[in-house]
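1. sequence unavailable; structure follows:
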């Protein structure tokens, strides 16, 4: 954490104590929640409240976005993080300059708070460091040829390679359930058509990443495996919720089995749940994940900037806003750019009440705690 935020956080605590002890009042936070009266233990200094109190609205909402960067242009990534202090960056595509020669060090140094650096390193068709560190088999091949313990060891090795290059988050493992052909949108990205087997191998892969110090992200809730098409090309429809519960949602049962993970929500229309909207901007989907499935960790969206399931319906700023309103903790767009436009829209939404301050506070707390910025 930067010296600026440490000092600001300390000042916030001091001011709070003076108010409590001298005025004897019961002050309130910006969300209207009563703070403890004198004599009641305050939250320990390591919690996120003081840090958030030291941040203006723009810096808070900036923590709720993950922006794609061009790996072939490290200086642009440094400038983006320095200027906008976003919560995370995503590195896609085939270029590797940002993943070589400690180029990410300068990007992280530009951030006042810990910066998440994400890739989607699943193996098979979806990997980012194969040209640098060798290829990883697809999920389907891993489940067919290796034991769960072997997959955990392989994921740990890959995680160490990612971490050595500066990556802290992997948008993997894929927890979709399908027996579709290898080259279809999910296909061999799925471990198995058997949901129990998917969970076994996804749990092993997630544990291996975490062993290496890389945060795993399960995807694509509530399940892309039996959806009607490719959400890169347009909104796709899944089977009804009752059918998802028997197959696609089985890997999300007892989420604590995975250990600490994030979950990514896909751009999927569940006929009796989302009413024609994409899951990523649909409040009932987040309520399902938080409620029935009891998930308490960070929830991310799938790509809001380069997938036609979203871009055909919303501008990027509105898509990001709708996702956060619905319950996402972080909104992702891989296409990069337009960060100021998005943040301006979010600030206006907070100031007008369109995006409740309590919603920002809740998500910013999860994001900062997950990055050990205030834990």
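-> Here it is on my side, so go on. Quick caveat, the model's predicted, so the values are computed rather than measured.
2. which strand or helix spans residue 368?
-> For residue 368, the host element (DSSP states H and E) is helix 357-370.
3. show me what that helix is packed against.
-> helix 49-53, helix 57-62, helix 316-326 (3 or more Cβ pairs under 8 Å, 6 or more residues apart in numbering; DSSP states H and E). The way it works is simple: take the backbone N, C-alpha and C, and place the C-beta from them, glycine included.
4. and those helices, which one averages the lowest pLDDT?
-> Among these, helix 49-53 carries the lowest mean pLDDT, at a mean of 94.
5. returning to what we had before: list the buried ones in the helix holding residue 368?
-> By 16 or more other Cβ atoms under 10 Å, the buried positions in helix 357-370 come out as 357, 359-361, 363-370.
6. can you give me the helices for the stretch 201-350 of the chain?
-> 241-246, 283-290, 308-311, 316-326, 339-352 (DSSP state H, counting those that start in this stretch).
7. figure out which of the ones you listed is closest to residue 142.
-> With respect to residue 142, and counting by Cβ to Cβ, the nearest of the helices of the stretch 201-350 of the chain is helix 241-246 at 24.3 Å.
8. what's that closest one in contact with?
-> With Cβ atoms under 8 Å, 6 or more residues apart in numbering as the test, helix 241-246 has contacts from 222-223, 226, 238, 270-273.
9. how far off centre is that helix?
-> 25 Å (Cα atoms, centre = their mean, to the nearest Å).
10. measure how buried residue 63 is and give me the count.
-> Using other Cβ atoms under 10 Å, residue 63 has 27 neighbouring residues.
11. my guess is it contacts residue 112. True?
-> No - using Cβ atoms under 8 Å as the test, residue 63 is too far from residue 112 to be in contact (10.6 Å).
12. ranges for the strands of the stretch 51-200 of the chain?
-> Along the stretch 51-200 of the chain, the stretches classed as strands by DSSP state E, counting those that start in this stretch are 65-69, 88-91, 116-119, 169-170.
13. check the stretch 201-350 of the chain too.
-> 215-221, 236-237, 262-265, 268-269, 299-303, 330-333.
14. residue 189 is nearest to which of the ones you listed?
-> Here strand 215-221 is closest among the strands of the stretch 201-350 of the chain (Cβ to Cβ), at 9.4 Å.
15. give the rounded mean pLDDT of the closest one.
-> The model assigns strand 215-221 a mean pLDDT of 98.
16. can you spell out which helices and strands pack onto it?
-> Partner elements for strand 215-221 (3+ Cβ pairs under 8 Å, 6+ apart): strand 169-170, helix 195-211, strand 262-265, strand 299-303.
17. same thing but at 7 Å, please
-> In terms of contacts (3 or more Cβ pairs under 7 Å, 6 or more residues apart in numbering; DSSP states H and E), strand 215-221 is packed against strand 169-170, helix 195-211, strand 262-265.
18. tell me the predicted confidence for the nearest residue to residue 172 once chain neighbours are set aside.
-> Counting by Cβ to Cβ, 6 or more residues apart in numbering, residue 122 is the residue found nearest to residue 172 once chain neighbours are left out, at 4.4 Å. What the model reports as pLDDT for residue 122 is 98.
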